[in-house]
Every structure is written in structure tokens, then in C-alpha cells.
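Novice: coordinates only, no sequence provided:
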């Protein structure tokens, strides 16, 4: 059973998308931007503004976000399965694979956030434990937002190419 729910390969694939295309090395600014800044931001937000109050709003947001991301995965699949210029171009195949990894990772992190939010709702009365969970939830929120922006940028590049191709054919 554990092997069937092991999401570690998804996490590893996402990390590979953070490598620089030319040097094949991880860039410090990407690691700092996607992980260190959200971590510091999560801690500071929890410290300055207190613990999360709107648990049900957070639950609602994640239950909407996760199916939306799954739909985008199907969009990528449909682009790949069509005989389009995007599916024949090596650069765009690489972007599609990265986008697929990023989307899968964001679904995993969002699901994990949903689980942590449910646990947090049960322990929010314990001040210090709630502070830790609140900091983690703020971190995950900031991290998901930044990763979503990366996904949107890659999706924009792909769809822009696809739209140009469709326009040229008509």
C-alpha cells in the first residue's frame, strides 16, 4: 500500500524543473524564492497576525483548487495527444513535462495542506502547537501561490504557441 501512495518521485521531478536549462544546476535564487521566502513569510505571518482563523474558507479553497489543477493536467494530456506543432517541438515537450511535474507536485502539496488544515482545526486550542501548524500552513499557502505562478507562466507559453498554430492553420 505504501508504494501506491508514495509521492516522493513527484516531488523529485518537481525539483528537477527548478534546474537552469543551460547549466543544469539549481539556482540559489529559485530555491530561496520558492522555499526560503515562503518559510520566512509563513513564520512572520503567523507571528505578526496570529494563527489561522478561517479554517472553513481554507478547506473550501483547497477543495476547489485541487480539481482545477487536475483539469489542467487533462488539458496538457490533450495537447500531447493531438497532432499539433507543440507536441512535435522538443522545447515545448520539455515545457509540457515540466508543467506536468509542477502540476502534480502542486496537487500533492495542496492535498497535504488540506490534511494539515484538518489536523490544525482539531488542535487549534493548543497555543504553541497551533502556532507551528499555522506557520506551516502559511508557508504552504505562499509556496503554492508561487508554484502556481510558475505553472501559469509555463501554461501561457504553451497555449500561446498552440493559439498561434491554430490561427496559422485557419
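Specialist: Everything's here; your move. Remember, predicted model here, so these are calculated numbers, not experimental data.
Novice: and for residue 151, the neighbour number?
Specialist: Number of residues near residue 151 (other Cβ atoms under 10 Å) recorded here: 19. Placement of C-beta: from N, CA and C, glycine included.
Novice: angles on the backbone of it, please.
Specialist: phi -60, psi -40 (degrees, to the nearest 10).
Novice: which residues touch it?
Specialist: Counting by Cβ atoms under 8 Å, 6 or more residues apart in numbering, residue 151 touches 72, 99, 102, 103, 106.
Novice: spatially central residue for the protein, please.
Specialist: The centroid of the chain falls nearest to residue 106 when counting by Cα atoms, centre = their mean (2.7 Å).
Novice: what about stretch 127-144, average pLDDT?
Specialist: For stretch 127-144, mean pLDDT is 93.
Novice: can you pull out the strands in this structure?
Specialist: Taking DSSP state E as the criterion, the chain carries no strands.
Novice: helices of that one, residue ranges please.
Specialist: With helices called from DSSP state H, the chain shows them at 8-16, 28-31, 37-49, 55-81, 85-88, 90-123, 127-169.
Novice: next, format the contacts of residue 151 as JSON lines and append distance to residue 127.
Specialist: As requested, the contacts of residue 151 are exported to JSON lines (distance: Cβ to Cβ, whole Å):
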{"residue": "72", "distance to residue 127": "39"}
{"residue": "99", "distance to residue 127": "41"}
{"residue": "102", "distance to residue 127": "36"}
{"residue": "103", "distance to residue 127": "37"}
{"residue": "106", "distance to residue 127": "31"}
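Novice: tell me the one of those residues nearest residue 53?
Specialist: Distance to residue 53 across the contacts of residue 151 (Cβ to Cβ) is lowest for residue 106, with 24.6 Å.
Novice: for stretch 11-28, measure first residue to last.
Specialist: 18 Å (Cα to Cα, to the nearest Å).
Novice: can you tell me what sits against that stretch?
Specialist: Residues outside stretch 11-28 that contact it (Cβ under 8 Å, 6+ apart) are 30, 31, 34, 98, 101, 102, 104, 105, 108.
Novice: average model confidence for it?
Specialist: Mean pLDDT, computed over stretch 11-28, is 88.
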